[in-house]
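J.: just the structure for this:
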Amino acid sequence: MRLSKRCQYGLKAAARLASRHGDGYVQSREVAEAEALPAKFLESILLAMRSAGLLESKVGMGGGYRLARDPDMIPVSAIIEAVNGSIEMVEPSDPRAIGHQSLVAVQARIDDALDSALGQLTLADLIEPAESAPRA
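T.: Down below sits the predicted model:
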């Protein structure tokens with residue numbers, strides 16, 4: 001399975017914001033620089049996460065983005081869905097094709113496994129190892 005660049009950038013940005021949770025708003029420019037992400041592309045990703053209710057934003061002095069909830073209350077699956085939509089492993093095929101039902105069964109198992117794994121993994125889980133490391 002490969003995550004799209006949009007999804008990878010969204011996860012990086014969310015982890016950065018999670019590491020700064022409680023510090024107030026963080027400017028998108030700061031997130032982009034810290035994570036080496038393209039600023040314009042990142043802005044569209046942050047807007048998608050805000051629209052999904054994962055982020056709050058504030059315009060003006062002291063503004064930027066922050067998590068709408070504690071990092072341990074935001075599942076990774078919510079971030080992926082906000083920026084990328086659902087994860088599809090198998091392209092839909094012609095239901096008359098040989099093996100179609102097999103592909104449907106495999107897709108269902110993969111979907112269940114991903115939902116379970118990513119639904120239980122939170123932003124707090126992603127930043128835990130990073131928080132225990134010394135800051136540069």
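
J.: tell me how far the helix or strand hosting residue 18 lies from the chain's centre.
T.: Taking DSSP states H and E as the definition, one finds residue 18 inside helix 5-19. Chain-centre distance of helix 5-19: 6 Å, with Cα atoms, centre = their mean, to the nearest Å.

J.: repeat for stretch 30-45
T.: For stretch 30-45, the distance to the chain centre is 14 Å (Cα atoms, centre = their mean).

J.: for the following helix or strand past the helix holding residue 18, buried residues please.
T.: Using DSSP H and E, the helix or strand that directly follows helix 5-19 along the chain is helix 28-35. The neighbour-count check on helix 28-35 (16 or more other Cβ atoms under 10 Å) flags 28, 31-32 as buried. Heads up, the C-betas are built off the backbone N, CA and C, glycines and all.

J.: what distance do you get for the residue nearest to the spatial centre of the chain to residue 39?
T.: Central residue of the chain (Cα atoms, centre = their mean): residue 79, 3.0 Å from the mean position. Taking Cβ to Cβ, to the nearest Å as the measure, residue 79 falls 19 Å from residue 39.
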